[in-house]
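Visitor: Have a look at this prediction, sequence included:
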Amino acid sequence: MYITVSGNKKEVKNGLTLPELIELENVEMPDYVTVSVNDEFLDADKKAGTVLKDGDNVEFLYFMGGGC
């Protein structure tokens with residue numbers, strides 16, 4: 001099946017879970033990343049049980065603080 005990850009179309013195995021994708025993509029600080037699937041943000045407690053489907057669009061977002 002094909003999904004889009006951060007704007008890049010990729011072929012992945014059927015039934016790929018979001019935690020598997022996070023590992024495959026070497027996502028930095030996976031516990032702190034916000035995930036959007038098809039423009040919908042996932043609650044942290046739903047990440048583990050999310051199975052991706054053909055055509056899904058996944059984005060990884062990091063929110064950072066800072067300033068002077």
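Guide: Noted; the coordinates are in hand. The structure presented is a predicted model; accordingly, all values stated were derived computationally and were not measured.
Visitor: To what extent is the residue nearest to residue 57 when sequence neighbours are not counted buried, counted in neighbours?
Guide: Of all residues not flanking residue 57 in the chain, residue 4 sits nearest, at 4.6 Å (Cβ to Cβ, 6 or more residues apart in numbering). In short, each C-beta sits where N, CA and C put it, glycine included. Using other Cβ atoms under 10 Å, residue 4 is surrounded by 14 other residues.
Visitor: Partner strands of whatever helix or strand residue 4 lives in and their direction?
Guide: Here residue 4 sits within strand 2-5, counting by DSSP states H and E. Sheet pairing for strand 2-5, assigned by DSSP bridges, gives strand 8-11 (antiparallel), strand 57-61 (parallel).
Visitor: closest one to residue 41 among those?
Guide: strand 57-61 (8.3 Å; Cβ to Cβ).
Visitor: quick one: average confidence on the closest one?
Guide: On average, the pLDDT along strand 57-61 is 96.
Visitor: follow-up on the earlier one: among the strands paired with strand 2-5, which comes closest to residue 18?
Guide: The closest of the strands paired with strand 2-5 to residue 18 is strand 57-61. By Cβ to Cβ, the value is 7.7 Å.
Visitor: Report the distance from the closest one to the chain centre.
Guide: Centre-to-centre, strand 57-61 and its host chain are 5 Å apart (Cα atoms, centre = their mean, to the nearest Å).
Visitor: pLDDT below threshold where in the protein?
Guide: Scanning the chain for pLDDT under 70 picks out the ranges 64-68.
Visitor: same thing but at 50, please
Guide: For the chain, applying pLDDT under 50 flags no range at all.
Visitor: residue ranges for the helices of it, please.
Guide: Using DSSP state H, the helices found in the chain span residues 18-24.
Visitor: Which residues does the strand holding residue 4 contact?
Guide: 9-12, 16, 21, 25, 52-60 (Cβ atoms under 8 Å, 6 or more residues apart in numbering).
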